[in-house]
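In: Using only what follows, build the 3D model:
(2 chains)
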Amino acid sequence: MFTLGSVLDNELKSSVEDFSFETEFSTNQLMLPNIEKPFEFAQSIISLEKDLDENDNQPMFHQQKKEERKERALIKGSKGTTTLAFIYEKGTVVAVDSRATSGQYIASQSVQKVVPVNQYMLGTLAGGAADCQFFLGHLGRICNLYELRNNEKISVAAASKLLNNILYSYRNYGLSVGSMICGYDTRGPQLYYIDSDGSRLKNSLFSVGSGSPFAYGVLDAGYRWDLSKEDAIDLGRRAICAATFKDSYSGGTVKVYHIDENGWVKISDDDASELWYRYEEKEKKNK
Amino acid sequence: MDSLVGFVGKNYVLMAGDTNAGRSIMRLKDDFDKLVQVDSHKILAKSGEIGDGNQFCNLIIRNVSLYRINNETELTTKSVAHYTRRQLATAIRKNPYSVNLLLGGYDKKDQMGSLYYLDYLGSSKKINYGAHGYAALFVGSILDRFWKEDLDFEEGLELMKKCLREVEKRLIIGTRCFVIKMINSDGISVVEKVMINSEKKNEIEEEN
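Out: Okay, the predicted model is just below:
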C-alpha cells in the first residue's frame, strides 16, 4: 500500500543532479491512495497500541475517530523487544535481544536489531522491523553521501537530526520506530533516542522496548561514567539478560557491541537463556 | 504531564519548567530543558509532545532570526506571540502541532517584561501570570492569591518556589526537578536548577 522505496529512489536520483540540501532530505512525498481524503484513510486503518489508551493533547476531531479506528484496525504496531545503549568514559555500549513476535507467536529468535549506519555509528531497532530497517538503511545512504560531499565524517548529532526530520514529516502515517543512534565522533561518545512521534533526546543511557523497564533497573543500578570496558560490556549484557528473563516479548540471543574512536565492534552473541544460568552459576561460585 | 509556570514582575519575567522527558510511564531524561531561547530577551516554554515541541520551536526561532537578519531589527514579544499564534492556527486543521507554550520576553523599548499564553488550538493572550499542564490546576490559585504588580526579584523567586513546592507536593507524578529562568534588561539568565524535596519539611535543595 505504501510504496516508500520508489519514492525515496526518485529523491536519490534527483539529488545526483541537484546538489541542493533540501531536495535530498525533504521526504514528505509518501504515496497515498487516490481518494478524497487520503490522510484520514491512512489514519483509519492504522492503530498503534498507544492510540488505544487515553489521548492527552490530541485535538478533538482525532479523538472522535479513535473509536472507529479501534474497530477497523488492520495494522498493529508494538515495541516488543529490549534494546539498550549507554555512553561512558571509553565509548558507547549497545546491547540488544533478538526476538521478533507477532502477537503471541514468536516469529523469529534471530533478528538483527542493530543496523550499522556507518563504521562508527550504529542504529538500534524497536517497533516495526520494516520501518526501522528501511529508515536506518536510508540514514546510512544519506550519511555516506554527506561524507562524499563534505569530505568529513558526519557527526552523530547531525545524523540523528536528519533521521528525526524525516520521521517527523511522516509522524501521522502510522510508522513505528523507536531507534537509538549510537556512535563516537569528535565530541566523544554520543547517544540519541529517535522516535516515530518525532522526538529526539540526548542522554547518557537509554533503553527502548517492552523489556526496557527491566533493563533500566539493572542499568541504573550499575551505571557509572568511569566504568572499565569489561565492566561496561558486562553491564549491558546483564541488563538485556534480566529483561529477557522477565519479559516474554524479549529473548533469543543477547548481542553486545562496543563503539570507540576506532569504530564499532561486535563483542559477543550469547543465547539469552543459557546466559542467565551461566550468571547464576557464577554467583554461586562467588559465594 | 509537563509543568510550566510563568509570571511578570518589576522589569523582569520569571519562568519555570520541569525537566522531565518521558514516554508513557517511564522517565527517559531528567535534565530536559523546556525553556528554549528565542533570542537574547525571549524565552519560549514548550509543553506537550516532544517532537512537535522541538520542531515547532525551531521553526519559530529560525524565522525570528531570519527576520532579524533581513530587517536588522529585533522583534517585540508581542510580534513574536502573534507570529507564533498564527503558525499554530494555520496548522490546526491540517497538521496540528500538539504544543502549549508560554512566551516570555523583555522589550527594551517599553522597558518592561511581558508574558503570553499560547495554546495548541491557536489561542493567544497576554497575561500577568499563568501555567500549563497539570501545574496549572495547583498553581493557578496560588498565583491568584499572592501575585501583585511590581514584585521584586526576591519576592518573585519566593512566589515561584511556593508554586513549584505545591506542584511537587500534590502532583502524583513525580516532578521534583525544575529549572527557573529570568528575563530582564540584561537578557536571559538561569536562576536555579532546583530539586524540591518536600519530605524534608518544605526545604528546597539547590543543585549546583
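
In: Could you use CA atoms for every contact and neighbour count after this?
Out: OK.

In: Give me the pLDDT for residue 110.
Out: Going with chain A. The score at A:Ser110 is 91. That number is its pLDDT.

In: Chain B is the one I meant
Out: Here the pLDDT value assigned to B:Asp110 is 91.

In: tell me which element it falls in.
Out: Of the helices and strands defined by DSSP states H and E, none includes B:Asp110.

In: Show me what residue of chain B gets nearest to chain A.
Out: Of all residues in chain B, B:Gly51 sits closest to chain A, at 3.8 Å by Cα to the nearest Cα.

In: That residue: what secondary structure?
Out: Of the three states, B:Gly51 takes helix according to DSSP: H, G, I helix; E, B strand; the rest coil.

In: so it makes contact with A:Tyr168?
Out: Yes. In terms of Cα atoms under 8 Å, B:Gly51 counts as a neighbour of A:Tyr168; the distance is 7.2 Å.

In: list the residues that contact both of these two?
Out: Common neighbours of B:Gly51 and A:Tyr168, using Cα atoms under 8 Å, 6 or more residues apart in numbering or on different chains, are A:197-199.

In: Among the residues you listed, show me the least confident.
Out: Across the set of these, A:Asp197 stands lowest in pLDDT, at 90.

In: The residue lying closest to that residue once chain neighbours are set aside: what's it in contact with?
Out: Nearest non-adjacent residue to A:Asp197, counting by Cα to Cα, 6 or more residues apart in numbering or on different chains: A:Arg171, 5.4 Å away. Taking Cα under 8 Å, 6+ apart, we find A:Arg171 in contact with A:196-198.

In: where does A:Arg171 land in three-state SS?
Out: Look at A:Arg171: counting by three-state DSSP, its state is coil.

In: what do you get for the one 3 residues further on?
Out: Following three-state DSSP, we place A:Gly174 in the coil state.

In: name the element the spatially most central residue of chain B belongs to?
Out: Closest to where the C-alpha atoms of chain B average out (Cα atoms, centre = their mean) is B:Ala45, at 3.6 Å. B:Ala45 belongs to strand B:42-48 when assigned by DSSP H and E.

In: Quickly run through the sheet partners of that strand, with directions.
Out: Strand pairing for strand B:42-48, using DSSP bridges, gives strand B:35-39 (antiparallel), strand B:99-107 (antiparallel).

In: hey, which of the ones you listed is tucked in deepest?
Out: Of all the strands paired with strand B:42-48, strand B:99-107 carries the top mean neighbour count, a mean of 27, counting by mean count of other Cα atoms under 10 Å in any protein chain shown.

In: Any chance of a markdown table for the shared contacts of B:Gly51 and A:Tyr168, columns secondary structure and neighbour count?
Out: Shown next, in a markdown table, are the shared contacts of B:Gly51 and A:Tyr168 (DSSP: H, G, I helix; E, B strand; the rest coil; neighbours: other Cα atoms under 10 Å in any protein chain shown):
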| residue | secondary structure | neighbour count |
| --- | --- | --- |
| A:Asp197 | coil | 23 |
| A:Gly198 | coil | 24 |
| A:Ser199 | coil | 22 |
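
In: And the strands in chain B, which stretches?
Out: B:4-9, B:12-18, B:21-23, B:26-29, B:35-39, B:42-48, B:99-107, B:112-118, B:124-127, B:129-132, B:177-184, B:187-197, B:203-207 (DSSP state E).

In: Just the CA atoms of the second one, as PDB, please.
Out: So that's strand B:12-18. Written as PDB, here are the backbone C-alpha positions of strand B:12-18 (Å, rounded to 0.1, in the frame of the first residue of the first chain):
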ATOM      1  CA  TYR B  12      11.600  41.100  34.700                       C
ATOM      2  CA  VAL B  13       9.800  37.900  33.700                       C
ATOM      3  CA  LEU B  14      10.300  34.700  35.700                       C
ATOM      4  CA  MET B  15       9.600  31.300  34.100                       C
ATOM      5  CA  ALA B  16      10.000  27.800  35.300                       C
ATOM      6  CA  GLY B  17       9.500  24.400  33.800                       C
ATOM      7  CA  ASP B  18      10.000  20.800  35.000                       C
END
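
In: Give the buried residues for that strand.
Out: B:12-18 (16 or more other Cα atoms under 10 Å in any protein chain shown).

In: and the two most separated of those residues?
Out: For the buried residues of strand B:12-18, the farthest-apart pair by Cα to Cα is B:Tyr12 and B:Asp18; their separation is 20.3 Å.

In: now the strands paired with strand B:42-48 as a markdown table including mean pLDDT?
Out: Formatted as a markdown table, these follow (pLDDT from 0 to 100):
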| stretch | mean pLDDT |
| --- | --- |
| strand B:35-39 | 95 |
| strand B:99-107 | 96 |
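
In: out of the ones you listed, which comes closest to B:Arg176?
Out: Closest of the strands paired with strand B:42-48 to B:Arg176 is strand B:35-39, at 16.5 Å (criterion: Cα to Cα).

In: Could you give the number of residues near A:Thr186?
Out: 11 (other Cα atoms under 10 Å in any protein chain shown).

In: Tell me the pLDDT of it.
Out: 95.

In: Give me the phi and psi for the residue lying closest to it once chain neighbours are set aside.
Out: Spatial nearest neighbour of A:Thr186, chain neighbours left out: A:Ser155 (7.6 Å); criterion: Cα to Cα, 6+ apart. Main-chain dihedrals, A:Ser155, degrees, to the nearest 10: phi -80, psi 160.

In: Surely A:Ser155 is in contact with A:Asp185?
Out: Yes. Applying Cα under 8 Å as the test, A:Ser155 and A:Asp185 come out as touching, 5.9 Å apart.

In: contacting residues for B:Asn128?
Out: Residues near B:Asn128 by Cα under 8 Å, 6+ apart: B:7-8, B:114-115.

In: Could I get the pLDDT score of it?
Out: 97.

In: ok, how many other residues are close to B:Tyr115?
Out: Wrong residue type there; residue B:115 is Leu, not Tyr. Residues lying near B:Leu115 (other Cα under 10 Å) number 28.

In: How about the one 10 residues further on?
Out: Around B:Lys125 there are 15 other residues, counting by other Cα under 10 Å.

In: for it, what are its contacts?
Out: Contacts of B:Lys125 (Cα under 8 Å, 6+ apart): B:116-118.

In: ok, so of these, who is nearest A:Glu230?
Out: Distances from A:Glu230 to these, taken by Cα to Cα, are shortest for B:Leu118, at 50.4 Å.

In: shouldn't B:Leu4 be in contact with B:Ala135?
Out: Yes. Counting by Cα under 8 Å, B:Leu4 does reach B:Ala135; the two are 6.8 Å apart.
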